[in-house]
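*Asks:* Coordinates only, no sequence provided:
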């Protein structure tokens, strides 16, 4: 499996916890990370017709294809060790049915999980997987 890039909201506690979850369960180290507030993300996003200051969704970039919202969240599970890839079967549910649930969580993520004043600095081992 080729590597993929995960872009996430760096001040969101839920998003930071999700990155730590992905990192610990990606045994082949196929996932790289960058927060959406970074210069790297601001340069990449317009290539996929997303605004440079996009913070509305988790983003997964696989090669030349960009996924957002529930599709990104489910596709990233394919990179993890068993049993997590099994959940990607939920991709058979059409995105118009999945995305409202994703959007509801995304709209409430700061209220439910909190936010930081600045992007969390990753641990040294996780830092090696961050896009510079």
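*Replies:* Received it, and whenever you're ready, just let me know what you need. It should be emphasised that the depicted structure is a prediction, and the values quoted were computed from it without experimental measurement. Numbering: from 1, shown residues only.
*Asks:* can you list the residues that contact the helix ranked longest in the chain?
*Replies:* Longest helix in the chain, counting residues (DSSP state H): helix 95-113. Contact partners of helix 95-113, identified using C-beta atoms under 8 Å, 6 or more residues apart in numbering, comprise 9, 12-15, 17, 56-57, 69-71, 73-74, 90. For glycine as for every other residue, the C-beta is placed from the backbone atoms N, C-alpha and C.
*Asks:* one more time with 10 Å
*Replies:* 9, 11-17, 55-58, 67-74, 90-93, 115 (C-beta atoms under 10 Å, 6 or more residues apart in numbering).
*Asks:* And stretch 37-48, by the same measure?
*Replies:* Residues external to stretch 37-48 that are found in contact with it (C-beta under 10 Å, 6+ apart): 5, 7-11, 32, 34-36, 50-55, 59, 61, 64-68, 118-119, 130-132.
*Asks:* Helices - which of the residues you listed land there?
*Replies:* Among those, no member falls in helices (DSSP H).
*Asks:* Of all the residues in the longest helix of the chain, which ones are buried?
*Replies:* Buried residues in helix 95-113, defined by neighbour count with 16 or more other C-beta atoms under 10 Å: 98, 99, 102, 106, 109.
*Asks:* could you point out which element follows that helix?
*Replies:* helix 124-127 (DSSP states H and E).
*Asks:* roughly how far is that next one from the heart of the chain?
*Replies:* 17 Å (C-alpha atoms, centre = their mean, to the nearest Å).
*Asks:* same deal with stretch 105-116?
*Replies:* 15 Å.
*Asks:* rewinding a little: from the contacts of helix 95-113, which would you call buried?
*Replies:* By 16+ other C-beta under 10 Å, the contacts of helix 95-113 give 9, 11-16, 55, 57-58, 67-74 as buried.
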